[in-house]
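Chemist: Mind folding the following:
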Amino acid sequence: RVAEEAAIVAPAPRVAQALWSQSTLAGLLRTMKVDLYHSLKHPGPVMFSGRTVCTLSAAGPYDGLCLYPLPVPDLLYWNVLGRTYLRRADHVIAVSAFVAGSLPPDLAPAPDRLDIIPHGLPALFNAEPPARNGAGGAVLAVGNVVAVKNFTTLVRAYAALPQELRARHPLVIAG
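Modeler: Okay, the predicted model is just below:
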């Protein structure tokens, strides 16, 4: 049997998440006789006896040096529990070579334990965009609104554009 994190929802606060994943989730996986646990984002049970796969969407939380702006409970969550889980994972999937290469050296999985699998995109995104016929379009920025994403520089650069250009291309931030 296989369990994925998306199918089992954990509580939100980090302390509650850590306790839940290491006790309640571990118990559920044992009861369900799960052979493989795939963590899509958060650390799974460290003492799980089955095989584990960990998907990495970012390496920032594991830097241990506060380069990724996180509150203290989150730093502890990722740099104690997260690091332990990542080191013990049977296999790691990184969403890009950049993410895989951004891991601290002590967390980099051996090549036989790592696959780089980019997020899939429908063929529609590989096609040439339709002609705009001179019409403007929005400048879209998507991401978590945290310091490491540097939205401040984007807003400053956008503000420095000529007014007529900004009028044709409004800035939209989704995060």
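
Chemist: Relative to the longest strand seen in the chain, what are the paired strands and their orientations?
Modeler: Looking across the chain with DSSP state E, the single longest strand is strand 51-56. Note on strand 51-56: by DSSP bridges, its sheet partners are strand 36-39 (parallel), strand 91-94 (parallel).

Chemist: can you tell which of those strands is closest to Thr153?
Modeler: If you check each of those against Thr153 by Cβ to Cβ, strand 91-94 wins as the nearest, at 26.0 Å. In short, each C-beta sits where N, CA and C put it, glycine included.

Chemist: Okay, now the unreliable bits of this protein?
Modeler: Counting by pLDDT under 70, the ranges of the chain that qualify are 1-12, 63-69, 122-127, 129-130, 132-135, 147-148.

Chemist: can I assume Phe98 sits in a strand?
Modeler: No - counting by DSSP: H, G, I helix; E, B strand; the rest coil, Phe98 is not found in a strand; it is helix.

Chemist: State the distance from it to Pro71.
Modeler: Counting by Cβ to Cβ, to the nearest Å, the gap from Phe98 to Pro71 is 25 Å.

Chemist: Which other helices and strands does the top helix by length along the chain contact?
Modeler: Criterion DSSP state H: the longest helix present in the chain is helix 151-159. Contacts defined by 3 or more Cβ pairs under 8 Å, 6 or more residues apart in numbering; DSSP states H and E place helix 151-159 against strand 139-142, strand 171-174.

Chemist: who touches the residue most central in space within the chain in this structure?
Modeler: Nearest to the mean C-alpha position of the chain, by Cα atoms, centre = their mean, lies Ser57 at 3.1 Å. When contacts are counted by Cβ atoms under 8 Å, 6 or more residues apart in numbering, Ser57 touches Lys41, Val95, Val99.

Chemist: Quick check: the first one touching Thr55?
Modeler: Yes - using Cβ atoms under 8 Å as the test, Lys41 is close enough to Thr55 to be in contact (7.0 Å).

Chemist: the more surrounded of those two?
Modeler: Taking other Cβ atoms under 10 Å, Lys41 and Thr55 do not tie; Thr55 has more neighbours (19 against 12).

Chemist: Could I get the strands paired with strand 51-56 in TSV, plus columns for distance to Ala159 and mean neighbour count?
Modeler: Output for the strands paired with strand 51-56, formatted as TSV (distance: least, Cβ to Cβ, whole Å; neighbours: other Cβ atoms under 10 Å):
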stretch	distance to Ala159	mean neighbour count
strand 36-39	40	21
strand 91-94	35	21
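
Chemist: Tabulate these in JSON lines, adding columns for distance to Arg51.
Modeler: Putting the strands paired with strand 51-56 into JSON lines (distance: least, Cβ to Cβ, whole Å) gives the following:
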{"stretch": "strand 36-39", "distance to Arg51": "5"}
{"stretch": "strand 91-94", "distance to Arg51": "8"}
